[in-house]
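# When you get a sec, could you give me coordinates for this:
(2 chains)
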Amino acid sequence: MIKSLDPRIARENISENNTIDPLTPMDNWETYEVFHQKKRGDQHMHVGIVHAPNAEMALLFGKDQYGRRGITANIWIVKTANVFCTEYEDQDMFETTPEKQYREAGGYKVMDKINKYKKAQKPA
Amino acid sequence: MYGNAYIDPNEKANGILAGEDPIKLQEFEDRIARGEKIEPKDWMPKEYRKQLIRMIEQHGHSEIIGALPEGTWITRAPGFKRKMALMAKVQDEVGHAQLLYSAAETLGKSREDMTNDLITGKSKYSNVFNYPAFTWADACIIAWLIDAGAIINQVANAKGSYGPYCRALDRICTEESFHLKYGHDNVVTLATGTPIQRKMVQEALTRWWPPIMHFFGPSDKLSGHTEILMRWKVKMATNDEMRQQFLNMYVPKIWDLGLTVPDANLKKNEETGKWEYTEPDWDEFKRVINGGGPCNAERLAVRRMAEERGRWVRKALLNKSEQYVAPLA
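Sure thing, here's the model as predicted:
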C-alpha cells in the first residue's frame, strides 16, 4: 500500500503495483480548435485546441483552458476535422501579392503631376 | 512548472542524420537559421521530431505529476486567499499539461500513447517531483524556486524553432509569472515571521536545495548530439548555462531573507562572473530518475488510479462515430 504524506492519497489504500489496461485511440476524444474574443468588437483569435467528446464540452473545456484569466467576451469552437486550410508548401501562391502596388493606396502618386501642371498654368 | 528534459548522456550520437534528404535538410536548417518557425506539416528530420516529442511530452508529464505534491497542500494552505491561489496554481499546471500534450500531438504521437508511456514508467518527468512536500513551507519553496527554474527554462525554449511548442510556452510563461510571485510572497511571509516560521522555511530550503541543483540536469556532454540540437533550436541553452542564470537571479534573493543555502562552497567568483558550488550528487539524481526516489511509486500509482476511476466517464461520453484528427497548429 502507498503510504503517502498526502491524507487524500493515504486514505485511498492504493497498491503501488496497481495496473490498468492501456488507453486506446479516442479514449481522449477528438480535438476542437478554440477561438477567443477578448472584447466585443474584436476579431476572434485562434488560441489552441481542446480534446472533447462533443461541442458542448469543448466549449466548457475551452472556457477553462483559455478563459480562466484576464478578459473574455466570447469563445468559438470548431471541430478540427471541419477546418480546411492551405498548405505551407503552396505558400508561393501568395509570393507576388506584396508586389501588387496597384492594389495599395501607396501605389498612386499624383502630387508631382499636379505641381508640374500648376507650374505650367502660371503666366510667365 | 517544468524540469529540463532528461536526455540519456550515453545515447549514441552517430547516425542522427542517416537517410535524410540533403536538400530538404538544408532548406530546413536555412529556415531555422533565418529565425522562422517550423510548423506541424513541414518536412523535418526524424531526429528533430523524436527529440521534440520526447522533450514536450516530458514537459507535459512534469506539469501533471508536479500538481501532486502541491495539490497535497490545498486543503491545508493557511487562509482562504492562499487556498484559492494554490488551487489556481494547480489548475494552471494541469492546463499547461494540456497545452503541451497538444503541441506534442502535432508531431504525431497521440495523447493516449503519451499517457500510456507515463503510467508504465517509460516516459520520464521532472525528477524534483519524486520528492515529497513535507510541510507548507516545502510547498512555498516549490512555488517560488522550482517555478523560478522552470521559467528560466521555458523562456529559453519559447525562442526555439517549433511553432506549436513556442506558442504553448508563451502562454505558460505568462501564467507562471503569477506562480513565482505567489511563491515568493509565501516564502517572504514565513522568512519575516515568527522564529518557528523561519525555522520551517529554512528546513524546507535545506531539503529542496539538492533537487533544485539537480533541476537543470547534469552538465551537457560536448557531443555532436548537443551541437545539432542547439543548431536546430531544440535546445536553447546548456544545462550549466541555465543553472548559472538561476543562481545569479535567486541566490541573492534567498540571502536577502537571511536564509542559508546549504552549500558552504556556494559563492560568485567575481573575476569570472560565474557561481561556484559543490558539484551536485549525480548518482543520487540517476538513482531517483530511474525509479529509486521517495515518491516515484506513489506518483505513478496515483496517476493510474485517476486514469482508471475517470475512465468510465470518458467512455460514456465518447461518440463512437467520431474520428481523431491531429490538431492543426
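# what's the burial count for the closest residue to B:Arg111 other than its chain neighbours?
Counting by CB to CB, 6 or more residues apart in numbering or on different chains, B:Arg111 lies nearest to A:Asn28, which is 4.5 Å off, once chain neighbours are set aside. For glycine as for every other residue, the C-beta is placed from the backbone atoms N, C-alpha and C. A:Asn28: 21 surrounding residues under other CB atoms under 10 Å in any protein chain shown.
# Leaving out chain neighbours, which residue sits closest to B:Arg303?
In space, and not counting its chain neighbours, B:Arg303 is closest to B:Ile119: 5.5 Å by CB to CB, 6+ apart.
# quick one: the residue nearest to B:Arg111 is in a helix?
No: secondary structure of A:Asn28 (DSSP: H, G, I helix; E, B strand; the rest coil): coil, not part of a helix.
# Mind jotting down where the helices sit in the chain?
Picking chain A for this. Using DSSP state H, the helices of chain A run over residues A:7-10, A:55-66, A:111-121.
# oops, I was thinking of chain B
Going by DSSP H, chain B shows helices at B:22-33, B:46-71, B:80-105, B:111-119, B:136-141, B:147-157, B:163-191, B:195-214, B:224-231, B:239-256, B:282-287, B:296-317.
# returning to what we had before: highest average neighbour count across the helices of chain A: which stretch is it?
helix A:55-66 (a mean of 18; mean count of other CB atoms under 10 Å in any protein chain shown).
# other SSEs contacting that one?
Applying 3 or more CB pairs under 8 Å, 6 or more residues apart in numbering or on different chains; DSSP states H and E, we find helix A:55-66 packed against strand A:30-37, strand A:45-52, strand A:74-79, helix B:80-105.
# so, in contact with chain A or not, the longest one?
This points to helix B:80-105. Yes: using CB under 8 Å from any CB of the partner chain, helix B:80-105 reaches chain A at B:88, B:91, B:95, B:98-99, B:102, B:105.
# ok so, going back, format the helices of chain B as JSON lines; extra columns: mean pLDDT and mean neighbour count.
Listed next are the helices of chain B as JSON lines, based on pLDDT from 0 to 100; neighbours: other CB atoms under 10 Å in any protein chain shown:
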{"stretch": "helix B:22-33", "mean pLDDT": "95", "mean neighbour count": "13"}
{"stretch": "helix B:46-71", "mean pLDDT": "95", "mean neighbour count": "23"}
{"stretch": "helix B:80-105", "mean pLDDT": "97", "mean neighbour count": "20"}
{"stretch": "helix B:111-119", "mean pLDDT": "97", "mean neighbour count": "21"}
{"stretch": "helix B:136-141", "mean pLDDT": "97", "mean neighbour count": "25"}
{"stretch": "helix B:147-157", "mean pLDDT": "95", "mean neighbour count": "23"}
{"stretch": "helix B:163-191", "mean pLDDT": "96", "mean neighbour count": "19"}
{"stretch": "helix B:195-214", "mean pLDDT": "97", "mean neighbour count": "19"}
{"stretch": "helix B:224-231", "mean pLDDT": "85", "mean neighbour count": "16"}
{"stretch": "helix B:239-256", "mean pLDDT": "97", "mean neighbour count": "17"}
{"stretch": "helix B:282-287", "mean pLDDT": "94", "mean neighbour count": "14"}
{"stretch": "helix B:296-317", "mean pLDDT": "95", "mean neighbour count": "16"}
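# now for those helices, which one comes closest to A:Glu104?
Smallest distance to A:Glu104 across these (CB to CB): 28.0 Å, for helix B:22-33.
# now the angle from that closest one to helix B:46-71?
Orientation check (axes from the mean of the first three to the mean of the last three CA atoms, to 10 degrees): helix B:22-33 against helix B:46-71 gives 40 degrees.
# so who does the residue with the largest distance to the centre of chain B touch?
Most distant from the centre of chain B: B:Ser321, at 36.6 Å, with distances by CA atoms, centre = their mean. Remark: with contacts taken as CB atoms under 8 Å, 6 or more residues apart in numbering or on different chains, B:Ser321 is in contact with nothing.
# so A:Glu33 makes contact with A:Ala81?
No: at 10.0 Å, A:Glu33 does not count as touching A:Ala81 under the criterion of CB atoms under 8 Å.
# Who has more neighbours out of the two?
A:Glu33 (22 against 14).
# need the contact list for that one.
Contacts for A:Glu33 (CB under 8 Å, 6+ apart) come out as A:46, A:48-49, A:77-80, A:83, B:327-328.
# with those in mind, which one is nearest to B:Glu176?
Distances from B:Glu176 to those, taken by CB to CB, are shortest for A:Gly48, at 16.6 Å.
# For the spatially closest residue to that closest one that is not a sequence neighbour, give its distance to A:Asn74.
Spatial nearest neighbour of A:Gly48, chain neighbours left out: A:Val34 (5.7 Å); criterion: CB to CB, 6+ apart. Computed as CB to CB, to the nearest Å, the A:Val34 to A:Asn74 distance reads 11 Å.
# More neighbours: these two, which one.
For A:Val34 and A:Asn74, the more surrounded residue by other CB under 10 Å is A:Val34, and the numbers stand at 25 against 13.
# Pull up the gap between the closest residue to B:Asp147 other than its chain neighbours and B:Gly60, please.
Nearest residue to B:Asp147, sequence neighbours excluded (CB to CB, 6+ apart): B:His179, at 4.4 Å. Counting by CB to CB, the separation of B:His179 from B:Gly60 is 17 Å.
# Could you measure from the residue positioned nearest the centre of chain A over to chain B?
With distances taken as CA atoms, centre = their mean, the residue of chain A nearest its centroid is A:His46 (1.4 Å). Distance, A:His46 to chain B, using CB to the nearest CB, to the nearest Å: 7 Å.
# my read: the residue nearest to A:Gly48 touches A:Ile49, true?
Yes: in this structure, A:Val34 is within contact of A:Ile49 by CB under 8 Å, at 6.3 Å.
# Now do A:Leu5, the pLDDT please.
The model reports A:Leu5 with a pLDDT of 89.
# ok, it to chain B distance?
Look at A:Leu5 and chain B: by CB to the nearest CB, they are 5 Å apart.
# pLDDT value on the closest residue to that residue other than its chain neighbours, please?
In space, and not counting its chain neighbours, A:Leu5 is closest to B:Pro132: 5.1 Å by CB to CB, 6+ apart. Looking at B:Pro132, its pLDDT stands at 93.
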